[in-house]
Every structure is written in C-alpha cells, then in structure tokens.
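Trainee: model this:
(chains A and B)
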Number of protein chains: 2
Amino acid sequence: MNPTVGDLDGNADLIVEWTRRAAEAGAHLVAFPEMALTGYPVEDLALRQSFVDASRRMLERTARRLADEGLGRLPVVVGYLDRTDAPVRAGRPAPSAQNAVAWLHDGGVLIRSAKHHLPNYGVFDEYRYFARGDRLPVVRLHGVDVATVICEDLWQDGGPVGVARAARAGLLLVVNASPYERSKDDVRLELCARRAREAGCSLAYVNMVGGQDELVFDGDSVIVGPDGALLARAPQFVEHLLVADLDLPGADPSVREGGRPVDAGDGTAITVERRILSETPVPAYEPAPPERAEPLDDLGEVYAALVLGTRDYVRKNGFRSVILGLSGGIDSALVATIAADAIGPDNVHVVLLPSRYSSEHSVTDAEELVKRQGLHSRVVPIRGMVDAFEAELDLHGLAAENLQARIRANVWMGLSNESGHLVLTCGNKSELATGYSTLYGDSAGGFAPIKDVFKTMVWELARWRDGRVGQASPFWRALDVEPIPEEIILKEPSAELRPGQRDTDSLPPYDVLDPLLVDYVENDLGRDALVAAGHDPALVERVIRLVDVAEYKRRQYPPGPKITPKNFGRDRRLPVTNRWREPSGR
Amino acid sequence: MNPTVGDLDGNADLIVEWTRRAAEAGAHLVAFPEMALTGYPVEDLALRQSFVDASRRMLERTARRLADEGLGRLPVVVGYLDRTDAPVRAGRPAPSAQNAVAWLHDGGVLIRSAKHHLPNYGVFDEYRYFARGDRLPVVRLHGVDVATVICEDLWQDGGPVGVARAARAGLLLVVNASPYERSKDDVRLELCARRAREAGCSLAYVNMVGGQDELVFDGDSVIVGPDGALLARAPQFVEHLLVADLDLPGADPSVREGGRPVDAGDGTAITVERRILSETPVPAYEPAPPERAEPLDDLGEVYAALVLGTRDYVRKNGFRSVILGLSGGIDSALVATIAADAIGPDNVHVVLLPSRYSSEHSVTDAEELVKRQGLHSRVVPIRGMVDAFEAELDLHGLAAENLQARIRANVWMGLSNESGHLVLTCGNKSELATGYSTLYGDSAGGFAPIKDVFKTMVWELARWRDGRVGQASPFWRALDVEPIPEEIILKEPSAELRPGQRDTDSLPPYDVLDPLLVDYVENDLGRDALVAAGHDPALVERVIRLVDVAEYKRRQYPPGPKITPKNFGRDRRLPVTNRWREPSGR
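Mentor: Got it, this is the predicted structure:
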C-alpha cells in the first residue's frame, strides 16, 4: 500500500480496504508494510508525543473498526509508531518512540513488537528516533508459528532472524519500508533467500509503495521458500494484493504461550513471545498458481520511480498541476514527459521563455513536444525584463548569464503563485554535482524529477520513453508518436545564456564526466583511488573541485526522487564550510 | 582554538602556535579541543578513507613537527579523526572512523583513544559516522594520573567518568566541540561540577571556538575542583590560552603501565590503558592567581554568537565582503550592523531597492544607518523591472507581492555574482517559522545571520547594540553614535509590498506569536499542551498550520548561526510531504 506520512485517517482507510480485499480473496493472514499506519519516514514527528499518542490510538481504533466491519477474524499485521516506557539503550535524550508492528485480531491488539536493528546510515536516522525492540513475536495461526520482524532486522547479521530459527518458526514475516535504488530489487531477493535459509523457513517480504519526499518505495514484495527459492512476487511501484498459498510446517503442539529470552548473537537477548490464535490446520485445498510478476527492465524501473515520485509529491502535497520552463533542451523535455505521464498532460503547463540568445530551433522543438503531448503552453519573451535590469545594473559574464536564468525563474514562480501550479525544476545530477546551474534560476522550484539522473542517463531515458509508442502502463501513457522529438535528443547541450554557448565550454563531455562523478559522488573514492580507477588525473582534480565547491548550491536545491546510493539529498551530508581538498598526489 | 573543517594544514599550524605559547607560559600539559586537527563536524568526510588517512598522517606529522620545533617534551593532547580495524557495534555499514584523541610527546603518539558515547540527537549524527571507543587512557605526568575523555562521554551517565574514578585519576581532561546555545554555559558548568564530584578529581573542560556552517562554538573552557568549585574560566567566543596552576594528588606509585578492563556500568567494558611519562612531581612553586573570565550577559552572548558565526562563515568560505538589501526595517538594519561588526564596515555593501510601495522614511532611515556605520551603499529603484514583468504577466495579490521581492533578490544576486560579495539574508525566526517570506525573494542568499532570532529578540538585540556606544569588544566596534537609528526600532513592521501593508495583516502581534512559536517549535508541544500552556486555542490552530505548511520554504533557506535548541537547521528534521495536523481537540 501507498500511505502518506501523517495521514493516519487515510492510511487506516487503506488498511481496512485492502484487508477487505484480502478477506474476499480468502486470505488467512494479511500483512501491511512497516509503519503503514503513519507512513515512513516520519522523521522528527517521532519525537512529538501527540503524534505517537495518535498513532497508538489509531491502531486500536483500526482493530475495532476491522471487527465492526466483519473482518475481525482475519489477523492483520500492521506497522505503526509506538513508544516504550523503558528505553533499552543509552542516549541523551534517549528516544522512547519505537518503530513497531502489531497483530490485530478480534477487535483488539494481540501482540506488539519493535524493530531490533535500527539503521542509521544513508537516508536512515533511526538511532535518532527509536528505542530498540527486544522481543520476537511468534503467533500460532492454524497450527503454524509465524514470526514477525521489521526491515533492518533482515539486513544485519545477528538478532531476530537467528532467534526465529531458534524459535522454530514456520514462517518469517518481514514488514518493510525499503526505498528504491537501481538494482536493489536483486540485492533484496538474494538477501531474502539467504535469510530464509538461515531461519530455516519460508519468508514473506512485504514492502511499501509510493513517493515520500525524496524516497520512492517500489513494492516488489516477495515470498521465498525455506530453500530460498522464489515462490511469489508482486509487481513494482503499484499497490497490490499479493495472494499466495503456502505449504507451511505445523508447529510443535507442546510449545505453549509465554516469553523466553534467547541470546541473539549480537550482544543482546531477545525474548520470544508466543501467542496461540488457532491450533487447527486449514483444511486441505487446491492451491492457486503462484503470482510472479516480472520486474521491469533497468530503465523502465528508473522511469517508473521518477513518475511515481513526481506523482506522489504533487498529489500528497495537495497540488493538481505543475508548471515548468521548456527550453527546447533534453532535460526539460524529459521532465515535461515525466510530468505528463505522472499527472496527465492536461495538468502540465509549460512556459517558453526565449531570450536574445535562444536559437530558432529551441522554440520550434519545444512547440513540437507540446503538440505531440498535448500540454498547455505559453510563450513569455524575457528580453524586455533583461533590458529593464540592465538599465539599472552593469552586469558581465557569469553575472549577466545568471540574470537571465533568474528572470526565467521569476516568471514561472509568478505563474505558480498566481495559478497554484507546483514548479518542477529540470536540473540533472551531472549539473547538480558540478554546480553547472544558477542559484534561484534554473535550480528554483518545488520538485526536481531528474535531480538524481546523470546527463547520459537523461538521454537514455528519453530514447527509452520514445521506444514505448503505443504501450501503456501505470507509469507511461500510450501515445501514437514519440513524445520527445528526435531533434531534442540529438542537439548539442547548451544553456543558451550567451552567443554560441555549449556545455562543453565549461564541462568535459558527459560520457567522460558521468563515470567520474559516479566514482567520486556515489562511491566516495578519494583522488588516488579515482586515478587508479583510470580517470584522467587532471580531470579528477578539476571535477573534485567543482563538486566540492558546489555544495552550497545543492543545499538549496528542491527535493527529487532518489534512484541511486547518493542523490545529493539526506544520504550525502557534507559541510558547506570545508577546506578539505583531496591531496593532489604531488 | 578556532579550526576550519578540512583545513588540516591550517589547523596543525594553530596547534603548533598555541603549543608554543603554552610552553612559553611554562605549561606542563596542553590540551586542544575535540577534533581540533580536522575541525568539527566533518560530517560525511568521516566516511571518506582518504580523509581519515590524511588526518592520521597529519597527527603524526604534527607530533614530529612539535619535536622539531623544540616543543617535544611538552605533552600535547589533541582531538583528531582516526579509524579502528574492529568496529565495536553492529550496523550496515558499520563505520570504522573514530572521534579520537591522542597524546603527542617526544615526536610521536604516546596513546590514542576514542569517544565512547556517540551523540545522535539534535545536530549530532555520530552513530552514523563513528565506531565507539572502549579505552580510557590514564597518563602519569609528574606523578599525577591524567585521564582523557571526549565531550559526550561527560554528558551521559555511565561509561568513562565512572571508570576514571575507578582508575583513581588525579585529573579528568575533557576535550569538547560543544556548540553554543543560549544559557548552555550554565548547564555545562553544573555538569562539569557534578562529573568532577563523580570522578573524585579535578576536571578540565576544553571547548572549541568558532563558526562552522550553522554551529558556533563558544569556548568558555572551565576547570573545576574535585568538589565542583570553579577554579578557572576562559572567555567566550575567542581563541584563548587558559593557563591554570592546579594542586593535583600524586598517583599510587605501585600502579604500573598496561591495560585492565573495567565494567563501565552502561552494559560495556572499558579498558583502562596506563602510560607513565614521568613520576617525579613538579618542584614546589608559587601558583599564579587563577583566571576567571566573566561571562557575557544573555544578549551579549547572542550578539557575539551571531557576529562570530557570520565572520567565520564569510572568512572560512573565502569571501571578503558581503552584500544585503537594506529596506529601512529592523531586520536588515540589525543584519547590516552584525556584518559591520563581523568583518568591518568597509566590507559591507548595502543596496536600497525602493519600489512604488516603499515609504519615504524607508529610504531616509536606511541612509541614516549607512551614514552612521560607514557602509557602502547604492540605490537601485526596481520600478522599471516590475513594469517590464507586468508588461508580459498579469499577476495579482501575493503573486504580485512576491514578484517585487524576487526582483530585489535578483538585483543583489547579480551584484554578488559581479563583485564576489556573499549575500546576507535578513529573515528572522518568526518569519521562517510562519513562512512569512518569499521563496527566492527575501529568503535568498548565502548566509542568514538572524534566522534563529525571533522578531521580539531582534528588537532587543538592536536596543542592546545601541546601548554599547563607545564600547569595543572582539564582537562590536566602538561607535560614537547608536548604530541603528531609533526610527528603525520604533516603526511598525511592514514588508511594503502593497499600499499600507503591515505584518499584523497576516500575523498576530509578535509578542503573542513568539512565545507560542517557542513552545511549538523549540519545545515540540502538541496542540493540547500548547492550549494547556495558556496559548489561545484559535491562534494555536492557525500558527500550527502556518508552521507546518512552511516546511518546504525552510528547506531552501540559507544556513545561519544556531543559538537555540531548534534553529530550522539540521536539528529539526520534518518531512515536507506530511499530512499530520495536530488534533483540533474536537
């Protein structure tokens, strides 16, 4: 399911609705993602007592509501925000909130537990927010023992997975809010297979769907057998009820309810808490053939993530339409296409803002895209505004170039304020990395759909999207013509802020630049390691300097969907005031 | 000392220079702050292996250099960045870097240890960066056992302080990078007194000085006796050599070098590592009278923090001058004054940007301030620019108001790009909280000196600064007239973006608003608690909504010096996409 952070009512509605569908499909157990009731990540809301209280109350209200609506007999496992009275680690202040999961049954809460391993790397700050959990719930349902753990509990060695084996669980249920990154689906599937073998039982991995600020949760829930073999797989990026009939081992009937501490092998003890809902096995029946959705190809995944991230940011923040400047270049062309796929072309407004340096084809190419996709467009020449500034100010070089970019931003921000459109920002990751943008100019806006996409991939995505003519999915609409004109893909990149300007006046060619940026930004290699990896030493010096100096610009950049390990968002945190320069090797 | 993050060479120079001064003053031991060699906080630089390597190499080079310069016999305790081969906690990825401290002596490193308690709240993310240390160094110097711990080790119960007692240390030396917050100096002094009594020995607390992005380290190093009594105190906000003659107990001579694990009382064991530098006591001498600097008053502290934060942001980022828009209102008047105190009036450039809605007195009041303080000023009327936009766009209401604010920003950004001035942003905390500002307009710039200062305190600071006529300090220059004209302090606040506009058209009076913002933003109270605290229920609803909705604007706000527990910086992290509204109590 696709919850919205803070929307407890709406998220509870989704939980009830999908439980109803699961019941109609004959399910014996239904599971929702990590913190499905509150959305994820709630960040500092976890420190506000009124919010934690509201989450706890809503959990109990949802349990009653399920019973009131005739769904009380179906056990529902749901992630939510809880608190503990006894923080189990030091810390000043020690958080009392917990990233928790509960079994709802018969109108009440059967058992609660909390995440044991708290991730505190990349985009995660859970050591800031949560007290560690130290209980593993094992619930007997139709004679099968089901153990429940949360997300990171699966990723780290030691802890709940091993304890689940010691408890001889028949099914390990893992609730997750695991954000998308390229190729992470393969990593996750291998992890599930390995942990299933370690736990010695089948493993059901339930992931969240949807965009939340910079994160995009990709669903892709899977179930694997005790040998790690894939049994069922849900589609990516869409809410979905994955129904699977599993052949699960009966529990030892002599093991009764109660708690027993087990050495977790990570320096802590975890208490196995057993509850018995029902001992009687489900009568034999013919299992349905398992559903195994085929994952998208690599570019399809990325495109879907960008569309969903954009759609959810617009929708969840209460916007209905977007506006962006369409320059005739590839970046704004791709952003316009993503926007039209995300919220429909009728909600996409573009502005063409020609200056004295704009080439003829900039306008005609942009207009061709508008026509093919059915967007709303408007031409606002900026020449008169530039003249008015130049009448008062004597600006040269970069200052004069930036002036034009800022006047354009001023136009689209004005139209946004006048009509309530969200402004989309069109910068790509190569630009953000090197600072090749104007602060408060092209970098202005509310959401930046391709801020985590390197320029070389911008072209790949444009070609990939043009190759979907006639096809439809939840993330791209069927068109009878290529949405992005070939001319836009083929032209040499230029900011068109002075006569004859080309990106290569300031930057190396993108097919040389981008691999270096991957190694420096995403892989955190230092200078020597970059040179050892085969990058040109002089270029390494130059690019490191560009990237380091541009940190202050990135701080003020709008959010955008994250698709890589380091997206210039909360996953890469560097000081602005920083004199460190990678050693020159001299 | 005032290090700069990443400037290993410059920081090492400072360490050598201050060691020389300490030697000249006859010191037997000299101590520098936490991570003095790298600056603090280094954030994700701690994850880059080349940076950790460079810190380690520079530590050893500094030890050799001290010896080469004849300072090798004086033990020097210095904080730096190290790494461990064996991370002592789980985590994916488990950091290997350590927040470390070393004793340098005789050209080499005598002993290294690392921070045990890792803060991960407020502005701190140390669980993200560092592996925990589990050793307490106890070095015998002239027959006195000196134990060394780092910052948070003092703040949390359990751990190194208790182990220092068990080791019967004669002096507990604490190296710190503890950022300024209002009244935190009192809290720290009480903490030092309490921990000294717990450790059963004198305690020397060495703090960092200087601005680093949003943090301002305030120095204020102290030494307390075993009974907690204050023995010596350094001044605030300035680099300073605090020399103190202490009467310290001799160590038990039968205790020898080596390591011994001790239960730390926090679920871990800490190994006491003993080294013996010298057994012979210092010959008796007449102690010098202790230095006890008088702390500044509350507003003086705040003003000094804002000046130092601004000065260091400008200087450490390689700027020499600043530019800002001077409106004739109190906010920009105070910022201009802070800037002139920080870097000298000759480096402060102001622009007056009158529009058709600017009142006569806006320009004359601003010009009076310019004259009194000797700033560079320039008038750039924006009417022609506004007309040029309005010729192409039909904007109304807020959109038309924002246009003017953005045109002004475009002017000062253009002048900044042309002349290399850093742009100062003049918004106050009441504005940031409620979103009473224009994105890419008045909120644009590189550094925002008063972003953590509520409007009521802006007036207080202006009056306080005007009261310093004829006085000089490192943070305010002597003037023979009040720097801020009385008219500017007395006038009713207005954005002057439409005829007759007043702040109170949109906001409650600041003396009502600010206390509510303190409770909601800094104290994190929910709706019910705010009403219980005496705030008007209808106003609570309105202000909560304003604050929550404005989160997207604050994300793009420039950094500014932090002076409160929650400054809308890295210490308050809320999602932009967030449907949570405090319950209405219905």
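Trainee: quick one: the residue nearest the centre of chain A from residue A:535, how far?
Mentor: Residue closest to the average C-alpha location in chain A (C-alpha atoms, centre = their mean): residue A:216, at 1.8 Å. Taken as C-beta to C-beta, to the nearest Å, the spacing of residue A:216 relative to residue A:535 amounts to 30 Å. Glycine gets a C-beta too; all of them are placed from N, C-alpha and C.
Trainee: Same question for residue A:59.
Mentor: Summarising the geometry, the distance separating residue A:59 from residue A:535, computed by C-beta to C-beta, is 52 Å.
Trainee: what are the phi and psi values for the residue nearest to residue A:499 when sequence neighbours are not counted?
Mentor: In space, and not counting its chain neighbours, residue A:499 is closest to residue A:357: 6.0 Å by C-beta to C-beta, 6 or more residues apart in numbering or on different chains. Dihedral angles phi and psi of residue A:357 (degrees, to the nearest 10) take the values phi -100, psi 0.
Trainee: Roughly how far does residue A:357 sit from residue A:486?
Mentor: Between residue A:357 and residue A:486 the distance is 24 Å, computed by C-beta to C-beta.
Trainee: same deal with residue A:163?
Mentor: 58 Å.
Trainee: Pick out whichever of these two has more residues nearby.
Mentor: residue A:163 (28 against 13; other C-beta atoms under 10 Å in any protein chain shown).
Trainee: So which residues on the stretch 451-586 of chain A come close to chain B?
Mentor: A:524, A:526-529, A:552, A:555-559, A:572-583 (C-beta under 8 Å from any C-beta of the partner chain).
Trainee: Quickly check: stretch A:413-423 near chain B or not.
Mentor: Yes. Counting by C-beta under 8 Å from any C-beta, chain B has neighbours in stretch A:413-423: A:413, A:414, A:415, A:417, A:418.
Trainee: would CSV of those residues with pLDDT and secondary structure be doable?
Mentor: As requested, those are arranged in CSV below (pLDDT from 0 to 100; DSSP: H, G, I helix; E, B strand; the rest coil):
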residue, pLDDT, secondary structure
A:413, 98, helix
A:414, 98, helix
A:415, 98, helix
A:417, 97, helix
A:418, 97, helix
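Trainee: how about stretch A:37-57 against chain B, any contact?
Mentor: Yes. Contact check for stretch A:37-57 against chain B, using C-beta under 8 Å from any C-beta: residues in range are A:41, A:42, A:43, A:44, A:45, A:47, A:48, A:49, A:50, A:51, A:54.
Trainee: Residue A:554 touches residue A:432, doesn't it?
Mentor: Yes. Counting by C-beta atoms under 8 Å, residue A:432 is a contact partner of residue A:554 at 5.7 Å.
Trainee: Find the residues that touch each one of these two.
Mentor: The contact sets of residue A:554 and residue A:432 overlap at residue A:568 (C-beta atoms under 8 Å, 6 or more residues apart in numbering or on different chains).
Trainee: higher neighbour count, those two?
Mentor: Counting neighbours by other C-beta under 10 Å for residue A:554 and for residue A:432 shows that residue A:432 has the greater number, 27 against 20.
Trainee: Who are the contact partners of the nearest residue to that one once chain neighbours are set aside?
Mentor: Ranked by C-beta to C-beta, 6+ apart and with sequence neighbours excluded, the top spatial neighbour of residue A:432 is residue A:568, at 5.3 Å. Contact criterion C-beta under 8 Å, 6+ apart gives A:429, A:432, A:433, A:451, A:452, A:521, A:554, A:557 as the residues in contact with residue A:568.
Trainee: Show me the shaky parts of chain A.
Mentor: The model of chain A has pLDDT under 70 over residues A:87-91, A:584-586.
Trainee: Kindly recompute the last result at 90.
Mentor: Segments of chain A classed as low confidence (criterion: pLDDT under 90) are A:85-95, A:157-158, A:183-186, A:266-267, A:356-362, A:495-501, A:506, A:570, A:581-586.
Trainee: Would you point out which residue of the stretch 101-250 of chain A is nearest chain B?
Mentor: Nearest to chain B, among the residues of the stretch 101-250 of chain A, is residue A:127, at 4.3 Å (C-beta to the nearest C-beta).
Trainee: For that residue, list the residues it contacts.
Mentor: Contacts for residue A:127 were tallied using C-beta under 8 Å, 6+ apart; they are A:91, A:118, A:120, B:120, B:127, B:128.
Trainee: Compare those residues and tell me which has the most neighbours.
Mentor: Neighbours were tallied for each of the contacts of residue A:127 (criterion: other C-beta under 10 Å), and the maximum of 29 neighbours falls on residue A:118.
Trainee: For the nearest residue to that one once chain neighbours are set aside, the count of nearby residues, please.
Mentor: In space, not counting the residues next to it along the chain, residue A:118 is nearest to residue A:126; the distance is 3.9 Å by C-beta to C-beta, 6+ apart. Residue crowding around residue A:126 was assessed by other C-beta under 10 Å; the count is 22.
Trainee: Please look at residue A:126 and residue A:153 and confirm they touch.
Mentor: No. Contact criterion C-beta under 8 Å: residue A:126 and residue A:153 do not qualify, at 11.6 Å.
Trainee: any residues in contact with both of those two?
Mentor: Among the neighbours of residue A:126, those also in contact with residue A:153 (C-beta under 8 Å, 6+ apart) are residue A:115.
Trainee: More neighbours: residue A:59 and residue A:535, which one.
Mentor: Taking residue A:59 and residue A:535 together and counting by other C-beta under 10 Å, residue A:59 has the greater number of neighbours (24 against 20).
Trainee: how about the more buried one, secondary structure?
Mentor: Per DSSP: H, G, I helix; E, B strand; the rest coil, the local secondary structure of residue A:59 is helix.
Trainee: OK, contacts around it?
Mentor: Contacts here follow C-beta under 8 Å, 6+ apart; on that basis residue A:59 touches A:37, A:78, A:80, A:82, A:102, A:104, A:109.
Trainee: likewise residue A:14?
Mentor: If a contact means C-beta under 8 Å, 6+ apart, then residue A:14 has A:1, A:2, A:3, A:36 as its contacts.
Trainee: how about a cut-off of 10 Å?
Mentor: With contact set as C-beta atoms under 10 Å, 6 or more residues apart in numbering or on different chains, residue A:14 has these partners: A:1, A:2, A:3, A:4, A:7, A:32, A:36, A:37, A:239.
Trainee: Wait, a strand at the fourth one?
Mentor: Which is residue A:4. No. Judged by three-state DSSP, residue A:4 forms no part of a strand; its state is coil.
Trainee: any idea how far residue A:48 is from it?
Mentor: Note on residue A:4: its distance to residue A:48, by C-beta to C-beta, is 17 Å.
Trainee: Those two: which is more packed in?
Mentor: Set side by side, residue A:4 and residue A:48 show unequal neighbour counts under other C-beta under 10 Å, the larger going to residue A:4 at 23 against 20.
Trainee: quick one: contacts for the more buried one?
Mentor: If you count contacts by C-beta under 10 Å, 6+ apart, residue A:4 has them with A:10-11, A:14, A:38-39, A:210-212, A:312, A:315-317, B:575, B:577-580.
Trainee: do the same with residue A:316
Mentor: When contacts are taken as C-beta under 10 Å, 6+ apart, residue A:316 is in contact with A:2-7, A:10, A:39, A:210-213, B:575-579.
Trainee: sec struct for the residue in chain A sticking out farthest from the centre, please.
Mentor: Distance to the chain centre peaks in chain A at residue A:391, reaching 46.5 Å (criterion: C-alpha atoms, centre = their mean). Secondary structure state of residue A:391, per three-state DSSP, is helix.
Trainee: Leaving out sequence neighbours, find the closest residue to it.
Mentor: residue B:384 (6.0 Å).
Trainee: how's chain A carved up into domains?
Mentor: Each structural domain of chain A that the record assigns through automatic domain parsing is listed here as a residue range: A:8-276, A:299-503.
Trainee: can those go into CSV with extra columns for distance to residue B:184?
Mentor: As requested, the domains of chain A are arranged in CSV below (distance: least, C-beta to C-beta, whole Å):
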stretch, distance to residue B:184
domain A:8-276, 13
domain A:299-503, 33
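Trainee: Can you check which of the ones you listed gets nearest to residue B:257?
Mentor: With distances scored as C-beta to C-beta, the stretch of these nearest to residue B:257 is domain A:8-276 (29.6 Å).
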